[in-house]
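Enquirer: following is a predicted model, sequence given first.
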Amino acid sequence: MARVHLGFKCDTNAEDILLFNAIQKRRTNRQAFLPDPVPDALVATLTRIAAEEGAWLQVVEGEEARYAAADLVAEADRLQWADKQFRIELAEWLHPTIAHMHT
């Protein structure tokens, strides 16, 4: 006999449930943003919320900083795709039945 538990037992509050239900509604918008600056109050709120979640928010301002960040993303992407284990794991997420043929 076995007893199986999925995940961790924890308290779930209303905000957690709302966030969980929002996953299916999430969409990516790849259109250009408006040139308007993000209000300081919103940046402060996002920074605070990130900290509450154990993360940090780094605002990238200016063209030079944006290009530097883009270079870092491109380098990380290159390194990640060069890692065979990453590609196998990604294939398992995208095509669970096909991925086992590559291992």
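Expert: Cool, the structure landed. Numbering: from 1, shown residues only.

Enquirer: looking at the protein, which helix or strand is least sure?
Expert: Per-element confidence for the chain was summarised using mean pLDDT, DSSP states H and E. The lowest value among helices and strands belongs to helix 96-99, with a mean of 59.

Enquirer: send me the longest helix along the chain as CSV with only the CA atoms.
Expert: When the chain is scanned for its longest helix (criterion: DSSP state H), the result is helix 63-82. Output of helix 63-82 as CSV, limited to C-alpha atoms (Å, rounded to 0.1, in the frame of the first residue of the first chain):
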residue,chain,number,x,y,z
GLU,A,63,18.7,53.3,-24.4
GLU,A,64,22.2,52.2,-23.3
ALA,A,65,20.8,50.3,-20.4
ARG,A,66,18.1,48.7,-22.5
TYR,A,67,20.8,47.5,-25.1
ALA,A,68,22.9,46.1,-22.2
ALA,A,69,19.9,44.2,-20.8
ALA,A,70,19.1,42.9,-24.3
ASP,A,71,22.7,41.7,-24.7
LEU,A,72,22.5,39.9,-21.4
VAL,A,73,19.2,38.2,-22.4
ALA,A,74,20.7,37.2,-25.8
GLU,A,75,23.8,35.7,-24.1
ALA,A,76,21.7,33.8,-21.5
ASP,A,77,19.5,32.5,-24.4
ARG,A,78,22.7,31.3,-26.3
LEU,A,79,24.0,29.6,-23.2
GLN,A,80,20.7,27.9,-22.4
TRP,A,81,20.2,26.6,-25.9
ALA,A,82,23.7,25.2,-25.9
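
Enquirer: pLDDT weak spots in the protein?
Expert: Across the chain, residues meeting the criterion (pLDDT under 70) sit at 1-2, 4-5, 96-103.

Enquirer: how close does E92 sit to Q85?
Expert: Distance of E92 to Q85, given as CB to CB, to the nearest Å: 11 Å. Where C-beta positions appear, they are placed from N, C-alpha and C, glycine not excepted.
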